[in-house]
Every structure is written in C-alpha cells, then in structure tokens.
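[1] only the shape, not the letters, is given here:
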C-alpha cells in the first residue's frame, strides 16, 4: 500500500508523462475568454478617460488616478490576497471569485454617475483582474505538458490578447461618436466577463493542487483519470510515469515558502523584472493616446494610431506559439524586450509614420512578451506556493505600472515627448537584461525540475 507521499509523487509523475493538452480544447477557449476580458479592460479605461474627464469635469491628475492608480491598487491587493487563498482553497474556486468581481466591477463602471462611484468600481475591477491574470497562468501551467507548456499557455493567451487588439476599434466606434459611448464600452466588458464566469463552472480543479492536500488525493485521481482518457484518444498510448524525486513540503502558509532558498532570490529578481516592465507597459497603454492628443493629434486620430498598432498583439502571440518551446524562455523574453525598445524609440520620433510603426512594434513586443513571461514566472515557484509567488511578484511589480503611468506625463510635460517614450523604452529593456542575467532555465522541463 502506497504512503500518502508516494501517492502525491505518483500523481505528479502521471501528470508529467502526458504529452498533449489533456482537457477538452474548449477549456482553453474558456480560459482565453477570461484573458480576453482582462486585456479588454486594461485597454478600455485609457480610451474612455478623455470622455469621462470631460463629462465629470475632472483634471488630468484625477483622471490618471481613476484610470490607472485605483485599478492598480486593487490589482495588487486582489492579486496577493486571492492568489494566496488559491494556494489554500484551490485554483477553481478562486477563478470563479475573480471573474465574478470583474463582471461586477465593469458593470458598475458603466453605470457610475460620479467620481466616487467610478473609483469604487475601478477598485473592484482591479481586485478581480489582478488575481485572475495570476490564476489563469498558474492553472494552465499545472495542466500543460512540460515539452509544450509555452505553446499551450500562449494559445489561451492568443484568445485573450485579441481583446487588446479589438478594444481600440470598439473604443473608436463608440467614445468619440456617442455621448454615452464610454458607458457602452464598459458594458460590453461586463457582458464578456459574465459569460466567462458562467463557462468557468465547467473547469476541473488542478490535480497538482489537489494532491498537495492529502485529503483530496481521491479527487486528484478522478481529474487525472479524465486527463488520461482524453490524452489516450489523441496519442493511443501513454509513456510510463517516472517518479521524480519530489520534495513533499510540510503544510504552512504558502507565502512562507517564498522566503526560503531558492525562492527568495527568484522572488526578488522577478519583482524587479516585472517592476521595470510594467513601467513602460502601463505608461504606453494608459497614456499614449492622451500624450498623442496633447501633442497636437485629434482624439480620434490618436485612438486610431493605437488601434492600428494593436494588430501587433495577436501577431506577437502567434509568433510565440511557434517558438515558445523551441528556445530557452529567458532568452526569448530578452529578445521581446529588444523589440519593445526599438518600437518605442521609433514611436518617440512623433511623426505620423513613426507613430504607426512604433505603435505596431510596441504592441508586437507586448504580444510576444506577456504570456511567455507569465508562464516563466509561474514555473519558478513550487505548487504549494505557485499562485502566491506569482501574486506577490506581479502585485509588487505593478507598483512600477502605477509609477510609469504617472511619471510619463511628467516627463513629457517637463522635457519632451521623445524623452518620455525613450525612458519607457529603456525600462522595458532593463527587464529583459535582468531575466537573461539572473533567471533560471525553464523550457521543456517539468514544473518540479524548474522550481526545485
């Protein structure tokens, strides 16, 4: 008779031996729809704020606070609190909670009649978004085969990143045309989130997580049997499981694992990586349209520049489907930041052609970087603290996003348009340099090998 520790090792070995995506393909689409809302919302607030500012009679500082800082504060809090509870109560329950919060928040955004209401609902939306991005990446990583984990996660991400590509066109059709266009923009997001919430009830719990809760080992075996049946239909025969030397950790609050080696150094590195990346990421997404408008372009043409450039998001994700598992992930991440750097340098030239090309390249880099880097972040932590590790990394990293979104307008106003966008080009490149200099290898390795 197997001991409980041997049963855990057996479950993990059986999960790792499955060479294909072993859940219905529709489940990837369901997860991707959650991503779709996330990136839709990240984009829609920047497009809506010029109209909201005019209708609510608020200045630039309050506009930026509502558009970015409030959401990011909620993002950081939600990412850590709900992310940590996901390591205690499970990925499934937490993903239901996060999508419920985002649906509520987005609906509230659409019906807000004053600044306090909008601020509250932006905070609620941020609570859900921050945790959901963390949880979906963690969830997919725990089901995806080691050899194609990068490709599988990017497939779901590709569905999601279309949200960032489509939103500027939706915003262009609504915000400059209709007085209530910004409300319809948020309302569409609420509908998407509600549909994603309903569909998520079909998802199973992660067998890796269930196995860490010894009382849930029978449930883990049931999910594993479903995975094996699905995989057998695709490949005919599965390899024999190889019992890895998995360390069975004692039960403790998940965050405590992150302050012991090797996770403490990984946490520190990845916090700085995401801090520097988010400086430019949120500054570009939240401020670029406004900065172009302030530089003399019309609101409609400013949104159009961003909308046309946004075609780069799905193109970047499609490229990553082809290469995410062919080369070491940390080198891919570095190359992505080089593309970002070049794109923002071109964007900073501020001519019509340069803005179109630079916007496309920046969007291309975002589409290439984000899911590969999310996957890489999740891979670096153990199952018992994977969601907490991602949450803490991403949550603290978003301080950089709040800083960048507020600092870019200051740089542009104090110095010039070019200085501001060269600055965020450099901060993105720094993120790639940090990964390539200190990051662990992860491609085609089991989660246990990477996180050991």
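    Alright, I've got the coordinates. Quick caveat: nothing in here was measured; it's all calculated off a predicted structure.
[2] quick one: buried residues of whichever strand or helix holds residue 368?
    Taking DSSP states H and E as the definition, residue 368 sits inside helix 352-379. Neighbour-count burial for helix 352-379, counted by 16 or more other Cβ atoms under 10 Å, picks out 355-379. Any C-beta I mention is one placed from the backbone N, CA and C, and that applies to glycine too.
[3] for stretch 206-222, same thing?
    Counting neighbours by 16+ other Cβ under 10 Å, stretch 206-222 gives 206-213, 216-217, 219-221 as buried.
[4] give me the subset of these that lies in helices.
    Secondary-structure check on the buried residues of stretch 206-222 using DSSP state H: residues within helices are 207, 208, 209, 210, 211, 212, 217, 219, 220, 221.
[5] for residue 288, see how far away residue 226 is.
    As for residue 226, its distance to residue 288 is 45 Å (criterion: Cβ to Cβ, to the nearest Å).
[6] neighbour-wise, which of these two wins?
    Taking neighbours as other Cβ atoms under 10 Å, residue 226 and residue 288 compare with residue 288 leading, 26 against 15.
[7] show me the contacts for the more buried one.
    Residues near residue 288 by Cβ atoms under 8 Å, 6 or more residues apart in numbering: 46, 302, 306, 347, 359.
[8] looking at those, which one is closest to residue 270?
    Using Cβ to Cβ, the shortest approach to residue 270 within the contacts of residue 288 belongs to residue 46, at 25.9 Å.
[9] what angle do the host helix or strand of that closest one and helix 352-379 make?
    In the assignment (DSSP H and E), residue 46 maps to helix 25-56. On the basis of axes from the mean of the first three to the mean of the last three Cα atoms, to 10 degrees, helix 25-56 is oriented at 130 degrees to helix 352-379.
[10] ok, back up a step: can I get the contacts of residue 288 in JSON lines including pLDDT and distance to residue 190?
    JSON lines is the format used below for these (pLDDT from 0 to 100; distance: Cβ to Cβ, whole Å):
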{"residue": "46", "pLDDT": "72", "distance to residue 190": "18"}
{"residue": "302", "pLDDT": "76", "distance to residue 190": "26"}
{"residue": "306", "pLDDT": "74", "distance to residue 190": "22"}
{"residue": "347", "pLDDT": "92", "distance to residue 190": "32"}
{"residue": "359", "pLDDT": "90", "distance to residue 190": "28"}
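[11] highest neighbour count among the residues you listed?
    Across the contacts of residue 288, the neighbour count under other Cβ under 10 Å reaches its highest value at residue 347, namely 30 neighbours.
[12] got the contact list for stretch 138-147?
    Residues lying outside stretch 138-147 but in contact with it, judged by Cβ under 8 Å, 6+ apart, are 15-16, 18-23, 28, 31, 86, 91, 95, 149, 152-153, 156, 203, 206-209, 227, 325, 375, 378-379, 383, 386-387, 390, 444-447, 449.
[13] how about the helices of the stretch 201-350 of the chain, start to end?
    According to DSSP state H, counting those that start in this stretch, the stretch 201-350 of the chain carries its helices in the segments 207-212, 217-235, 263-294, 299-309, 312-323, 329-347.
[14] any idea which of these is most buried?
    Mean neighbour count, computed with mean count of other Cβ atoms under 10 Å, is highest for helix 207-212 among the helices of the stretch 201-350 of the chain, reaching a mean of 25.
[15] centre of the chain to it, how far?
    The gap between the average C-alpha position of helix 207-212 and the chain average comes to 23 Å, counting by Cα atoms, centre = their mean, to the nearest Å.
[16] and for stretch 284-298?
    Chain-centre distance of stretch 284-298: 24 Å, with Cα atoms, centre = their mean.
[17] average pLDDT for that stretch?
    Model confidence over stretch 284-298 averages 78 on the pLDDT scale.
[18] please renumber so the chain begins at 26
    Fine by me, first position is 26 from now on; the one you just mentioned is stretch 309-323.
[19] enumerate every residue touching residue 209.
    With contacts defined as Cβ under 8 Å, 6+ apart, residue 209 is in contact with 135, 199, 203.
[20] so where does it fall, helix or strand?
    Residue 209 belongs to helix 206-225 when elements are defined using DSSP H and E.
[21] where does pLDDT dip in the protein?
    Low-confidence segments of the chain, defined by pLDDT under 70, span residues 26-27, 29, 84-94, 269-278, 324, 477.
[22] centroid residue for it?
    Per Cα atoms, centre = their mean, the C-alpha nearest to the average position across the chain is that of residue 158, at 4.3 Å.
[23] ok, the closest residue to that one other than its chain neighbours - contacts?
    With sequence-adjacent residues excluded and distances taken as Cβ to Cβ, 6 or more residues apart in numbering, residue 158 is closest to residue 63, at 5.6 Å. By Cβ under 8 Å, 6+ apart, the contact set of residue 63 is 127, 154, 157, 158, 185, 188.
[24] top of the residues you listed by neighbour count?
    residue 127 (31 neighbours).
[25] which parts of the host helix or strand of that one are buried?
    Secondary structure from DSSP H and E places residue 127 in helix 116-136. Buried residues in helix 116-136, defined by neighbour count with 16+ other Cβ under 10 Å: 116-117, 119-120, 122-124, 126-135.
[26] same check on stretch 199-206?
    Neighbour-count burial for stretch 199-206 flags 199, 200, 201, 206 (criterion: 16+ other Cβ under 10 Å).
[27] good, wrapping up.
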